[in-house]
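Visitor: Sequence and predicted structure are below.
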Amino acid sequence: MEPFATNLRRRAELLGITNAEVARRAGLTDRRYGNYVTGRREPDLSTLVRIATVLSVSVDELIGMTPEKDVKTTEEIFQERINSALRALKAEDLSRLAIMVEALASSRMERK
């Protein structure tokens, strides 16, 4: 299951999150997730789905069943990072974030 372990590390790095953060968001202990990242163990299906959701990737991509996609733009990578982080937030945090994003967008529009 080495491609899986490699894909876990690569995807987390692409999203700019640590293994510990992936584990936390997926509801796993650092040790348990560490076993997956090192290839010592394989997750059950429900755990695999949770990890894929946290990493904003399909299960097929994570386990190496689909070919690697084309190189992504910087904007696409940032969007994936944002989507991954959003899944970890609660409603109260999302409300605050929406206000900040709206303010940022508004300030950009005023500069034009």
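Guide: Yep, that arrived. Bear in mind that the values here come from a model prediction, so they are computed numbers and not experimental data.

Visitor: just for the chain, where's the confidence low?
Guide: The model of the chain has pLDDT under 70 over residues 1, 67-71, 112.

Visitor: quick one: the strands in it?
Guide: All residues of the chain lie outside strands when identified by DSSP state E.

Visitor: contact partners of the longest helix seen in it?
Guide: In the chain, taking DSSP state H as the definition, the longest helix is helix 91-111. Residues outside helix 91-111 that contact it (Cβ atoms under 8 Å, 6 or more residues apart in numbering) are 86, 89. Where you see a C-beta, it was placed from the backbone N, CA and C, and this is true even at glycine.

Visitor: Need the CA coordinates for that helix. PDB is fine.
Guide: Taking Å, rounded to 0.1, in the frame of the first residue of the first chain, the C-alpha atoms of helix 91-111 are listed here in PDB:
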ATOM      1  CA  ALA A  91     -20.800  27.200  11.800                       C
ATOM      2  CA  GLU A  92     -19.700  30.000  14.100                       C
ATOM      3  CA  ASP A  93     -16.200  30.100  12.500                       C
ATOM      4  CA  LEU A  94     -17.700  30.000   9.000                       C
ATOM      5  CA  SER A  95     -19.800  33.000   9.800                       C
ATOM      6  CA  ARG A  96     -16.800  35.000  10.900                       C
ATOM      7  CA  LEU A  97     -14.800  33.800   7.900                       C
ATOM      8  CA  ALA A  98     -17.600  34.900   5.500                       C
ATOM      9  CA  ILE A  99     -17.500  38.400   7.000                       C
ATOM     10  CA  MET A 100     -13.700  38.500   6.500                       C
ATOM     11  CA  VAL A 101     -13.900  37.300   3.000                       C
ATOM     12  CA  GLU A 102     -16.600  39.700   2.100                       C
ATOM     13  CA  ALA A 103     -14.600  42.600   3.600                       C
ATOM     14  CA  LEU A 104     -11.500  41.500   1.600                       C
ATOM     15  CA  ALA A 105     -13.500  41.300  -1.600                       C
ATOM     16  CA  SER A 106     -15.100  44.700  -1.000                       C
ATOM     17  CA  SER A 107     -11.700  46.300  -0.400                       C
ATOM     18  CA  ARG A 108     -10.400  44.800  -3.700                       C
ATOM     19  CA  MET A 109     -13.400  46.200  -5.600                       C
ATOM     20  CA  GLU A 110     -12.900  49.700  -4.100                       C
ATOM     21  CA  ARG A 111      -9.300  49.700  -5.300                       C
END
